[in-house]
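Enquirer: Model the structure of this input:
(one chain, ligands or ions: 2)
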Amino acid sequence: MSQKPRAIHFGAGNIGRGFIAPLLSKSGYHVVFTDVDKGIIDAINEEHSYSVHILDTNADEDNEVEEISYVKGVLSTTDDLIRELAHPKLHIVTTAVGLTVLDKIAPTLARGIAARRAAGARPINIIACENAIGATAQLAEKVRAHLGKEDAAYAAEHVGFANCSVDRIVPPFDPEAHDGASSLDVGVEAFFEWIVERPALKGPVPLDPPVEGMKLADDLAAYNERKLFTLNAGHAITAYLGYLAKYSTVAEAIGDERIAATVRGALHDEAGAALRRKHRFSEEEHGAYIETVLTRFANAAVHDDVVRVGRQPLRKLARGDRLVGPARMCTEYGIPVHHLARGMAAALLYDNAKDEQSVEMCKAIKERGLAPYFAELTGFEEGSEVHGRVLEEYKELEGWKRAQ
Ligand SMILES: NC(=O)C1=CN([C@@H]2O[C@H](COP(=O)(O)OP(=O)(O)OC[C@H]3O[C@@H](n4cnc5c(N)ncnc54)[C@H](O)[C@@H]3O)[C@@H](O)[C@H]2O)C=CC1
Ligand SMILES: O=P(O)(O)OC[C@H]1O[C@](O)(CO)[C@@H](O)[C@@H]1O
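Expert: Ligands and ions are numbered 1, 2, ... in the order given. Just a heads-up that it's a prediction; the model follows:
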């Protein structure tokens, strides 16, 4: 039996296989993937390895390939997973399943924690690598709801729930377009950033062994907001405007000067101005961060569909999320929002019959009216400046839609 420290990763999808597991594996952890998808788990247990293709027109070297080996898979619906969660060599549990799935994995994690208490096992850290501020805190609350009193007391002492900011663009990968690639392979951009909340970690800090590429921060909130309100905000605006203008990928959409101007304005003059005020990022440093983000969007080597980046518009229009979040921050600092208003309007026009949230949103706008619905969704009251501007932008963008 391997004496390596172990990591369990929930969600053997793009970000799991393409970002988190590779860092853990390269740092000396034996990675155990768990997923509801039996096809992926069976493939992992047949191959025990796969390749990460670095696809980046911005990188010095194109088509670099990293081999990830010695991985295994466990179906998340079986008791094998509880045995894995109770393993004495388990150090870390990560997730990349989607924010809305955290509810579903919480009872399993609670059972795993109870089994660790019964076995007197070592401390572990749980990190939810989802696109949201405080995703791990949300998971922790859901897990605690399933713990008895003694298990909760054990968890408080021995289980770290650390929030993080997770940034790497990993769209679905087409193995057929790459010689010799397998169905488990993934295609990623070269850039990555994983920042974890240091004060929440249990046991040795940095982790033992340290995870190469995992940065630790005492003030995660600043990095979290910087990422969500820059990369994700700009990405979402590019995707929604790109969809309206009938582009299929983010790289194509950002190549349209009308879209690029809106994204630049939203990131530099609005979200960026508010982030600099709140978190004291220097103009030079934050400007460079935004420019890197824009260069990443233009990377045509990763084929990133606007419908992937725009998926679930209601989650993206939630109050603390990537569009409304920075707009609210702007209003707190008296910064007018023109470009972000256009981005929110484009999100409200996202009409994709294959996306459940888009269907729900379009139906609600039709039945309840745009003005009250937008106010209810975002908290921007009817009659407020932002509300009025979003309505104006919506009307103008309807013209884009008709023009196609
Ligand atoms: N793909 C990307 O570029 C990035 C994604 N993220 C975040 O990472 C998370 C995952 O995104 P992707 O990897 O793109 O999605 P994905 O769809 O490729 O992977 C999610 C995986 O979770 C599995 N899953 C679903 N329900 C499950 C359950 N109950 N138990 C165990 N596994 C389950 C799915 O079968 C799938 O394999 C999302 O929160 C996303 O916002 C964050 C940064 C980058
Ligand atoms: O994964 P979500 O939250 O649906 O949003 C897509 C976003 O996530 C990413 O995949 C990575 O941060 C971005 O490409 C994009 O902004």
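Enquirer: In contact with residue 351, which residues are there?
Expert: Residues in contact with residue 351, defined by CB atoms under 8 Å, 6 or more residues apart in numbering, are 358, 362. Glycine gets a C-beta too; all of them are placed from N, C-alpha and C.
Enquirer: any idea whether it is helix, strand or coil?
Expert: Three-state assignment for residue 351 (DSSP: H, G, I helix; E, B strand; the rest coil): coil.
Enquirer: can you list the residues of this structure near ligand 1?
Expert: Contact residues (CB under 6 Å from any ligand atom) of the chain with ligand 1: 10-16, 34-37, 40, 76, 96-99, 101, 104-105, 129-131, 166, 168-170.
Enquirer: Which ones among those also lie next to ligand 2?
Expert: Intersecting these with the contacts of ligand 2 gives 131, 169 (criterion: CB under 6 Å from any ligand atom).
Enquirer: The residues of the chain next to ligand 1, buried ones only, as a PyMOL selection?
Expert: If you want just the buried ones from those in PyMOL, going by 16 or more other CB atoms under 10 Å, the selection is:
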select buried, resi 10+11+12+13+14+15+16+34+35+36+40+76+96+97+98+99+105+129+130+131+166+168+169+170
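Enquirer: Which members of the residues of the chain next to ligand 1 occur in helices, if any?
Expert: If you go by DSSP state H, the residues of the chain next to ligand 1 have 14-15, 40, 104-105 in helices.
Enquirer: Sort out which one of these lies nearest residue 256 for me.
Expert: Checking those against residue 256 with CB to CB, the nearest one is residue 14 at 25.6 Å.
Enquirer: give me every residue that touches that closest one.
Expert: Applying CB under 8 Å, 6+ apart to residue 14 gives the contacts 96, 170-173, 186.
Enquirer: In the stretch 1-150 of the chain, which residue sits nearest ligand 1?
Expert: Here the residue of the stretch 1-150 of the chain nearest ligand 1 is residue 13; by CB to the nearest ligand atom that distance is 1.8 Å.
Enquirer: Run a quick check on that residue versus residue 96, I expect a contact.
Expert: Yes. Between residue 13 and residue 96 a contact is recorded at 6.5 Å, counting by CB atoms under 8 Å.
Enquirer: So residue 51 belongs to a strand, correct?
Expert: Yes. Assessed with three-state DSSP, residue 51 lies in a strand.
Enquirer: Test my guess that it contacts residue 182.
Expert: Yes. Because the distance of 7.4 Å satisfies CB under 8 Å, residue 51 is recorded as touching residue 182.
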